[in-house]
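>>> Take a look and give me a structure for this.
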Amino acid sequence: MDVVVCVKQVPDTEQPIRVRPDGGGVEEQGLNWILNYYDEHAVEEALRVREKHGGTVTVVCVGPARATEALRTALAMGADEAVHVQDPALDGADHLGVARVLAETIRQLRYDLVLCGRLATDDNASVVGPALAEYLGLPQATAISRLDISDGVAAVEREVEGGVEVLQVPLPAVFTVERTINEPRYPTLPGIMKAKRKEIRTLGLRDLGLEPGQVGAEAARVRYSRFDPPPRREAGRVVTPDSPEEGARLIAQFLQETAKVL
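Modelled structure (predicted):
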């Protein structure tokens with residue numbers, strides 16, 4: 001069972017992230033870049049599939065030179081191979097452009113299953129996985145919380161409002177995974193040392209038979225016009241009612257006249 005996992009490098013959301021004064025993006029200096037949390041779970045699930053069914057795990061990333069570190073993290077977890085698509089012409093590419101690049105990359109690989117994180121924590125778009133399935137012409141299921149494979153068919157579960165949806169999906173297929181699907185393993189010291197020595201295959205658009213006008217900024221259907229930090233929270237209002245009844249009256253008055261939710 002050969003599994004391909006699509007990963008992304010994102011800023012660590014546990015640290016403060018500042019918007020540049022010109023609103024053109026976030027201030028990258030001093031940022032800690034990490035493997036996207038959801039993609040960690042996708043890598044972990046791929047490793048579990050390999051442990052149960054044999055085969056290989058290949059991680060693929062589209063991004064600048066620094067994104068190599070995200071691939072190294074996946075290799076340290078236990079992935080067998082890594083492919084990095086890096087091309088200056090991809091600056092300004094939107095989610096559909098990235099999905100098309102991933103699709104053309106995956107066509108060059110052996111695969112029975114393609115896994116992605118449900119979303120990337122830097123934009124929360126949840127677009128690349130479904131778009132990738134469309135470009136590859138494969139069946140898909142999104143936000144899965146359980147995966148079982150038998151006789152070329154994947155049984156997956158999706159947590160939906162009020163219950164769990166169970167699907168039978170023929171392979172090959174594309175799945176995006178929820179963080180509830182598993183608990184990712186920590187890279188071991190031998191795994192980290194081995195990952196440092198592994199070769200990462202690097203590709204450009206020409207290697208994929210693509211032109212900048214097909215997937216770069218020129219082809220983008222979505223462009224970010226400006227970034228703004230969230231508004232500062234106003235100080236809360238403190239009241240000291242003389243009785244519970246008075247407190248209830250003040251709360252109801254606030255909800256009706258100020259918050260306007262009643």
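>>> Against which helices or strands is the top strand by length along the chain packed?
Taking DSSP state E as the criterion, the chain has its longest strand at strand 140-150. Using 3 or more Cβ pairs under 8 Å, 6 or more residues apart in numbering; DSSP states H and E, the elements in contact with strand 140-150 are helix 37-53, helix 128-136, strand 153-160, strand 163-170, strand 173-177. In short, each C-beta sits where N, CA and C put it, glycine included.
>>> quick one: the last one to chain centroid distance?
What it means is strand 173-177. Distance of strand 173-177 from the chain centroid (Cα atoms, centre = their mean, to the nearest Å) equals 12 Å.
>>> For the following helix or strand past it, list every residue counted as buried.
Counting by DSSP states H and E, the next helix or strand C-terminal to strand 173-177 is helix 189-197. By neighbour count with 16 or more other Cβ atoms under 10 Å, helix 189-197 contains the buried residues 191, 195.
>>> In JSON lines: the helices and strands packed on strand 140-150, plus distance to residue 73, mean pLDDT and mean neighbour count.
Below are these laid out as JSON lines (distance: least, Cβ to Cβ, whole Å; pLDDT from 0 to 100; neighbours: other Cβ atoms under 10 Å):
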{"stretch": "helix 37-53", "distance to residue 73": "8", "mean pLDDT": "97", "mean neighbour count": "21"}
{"stretch": "helix 128-136", "distance to residue 73": "19", "mean pLDDT": "97", "mean neighbour count": "21"}
{"stretch": "strand 153-160", "distance to residue 73": "25", "mean pLDDT": "95", "mean neighbour count": "16"}
{"stretch": "strand 163-170", "distance to residue 73": "28", "mean pLDDT": "95", "mean neighbour count": "12"}
{"stretch": "strand 173-177", "distance to residue 73": "17", "mean pLDDT": "98", "mean neighbour count": "26"}
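>>> Dump those into a markdown table; add distance to residue 220 as well.
Listed next are the helices and strands packed on strand 140-150 as a markdown table, based on distance: least, Cβ to Cβ, whole Å:
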| stretch | distance to residue 220 |
| --- | --- |
| helix 37-53 | 22 |
| helix 128-136 | 13 |
| strand 153-160 | 30 |
| strand 163-170 | 31 |
| strand 173-177 | 22 |
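>>> right, and the ones you listed - which one's nearest residue 19?
Comparing those against residue 19 with Cβ to Cβ, the closest turns out to be helix 37-53 (21.7 Å).
>>> That closest one packs against which elements?
Packed against helix 37-53 by the contact rule (3+ Cβ pairs under 8 Å, 6+ apart) you find strand 3-7, strand 57-62, helix 68-77, strand 113-117, strand 140-150, strand 173-177.
>>> and among those, the most buried is which?
Burial of those is given as mean neighbour count (mean count of other Cβ atoms under 10 Å); strand 113-117 ranks first at a mean of 28.
>>> quick one: that strand to strand 173-177, angle?
20 degrees (axes from the mean of the first three to the mean of the last three Cα atoms, to 10 degrees).
>>> so what's residue 4 bridging to?
residue 58, residue 114 (DSSP bridges).
>>> Throw the helices and strands packed on helix 37-53 into a markdown table and include distance to residue 107, thanks.
Shown next, in a markdown table, are those (distance: least, Cβ to Cβ, whole Å):
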| stretch | distance to residue 107 |
| --- | --- |
| strand 3-7 | 10 |
| strand 57-62 | 11 |
| helix 68-77 | 19 |
| strand 113-117 | 11 |
| strand 140-150 | 16 |
| strand 173-177 | 13 |
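>>> what's the closest of the ones you listed to residue 28?
When those are compared by Cβ to Cβ, helix 68-77 sits nearest residue 28, at 14.0 Å.
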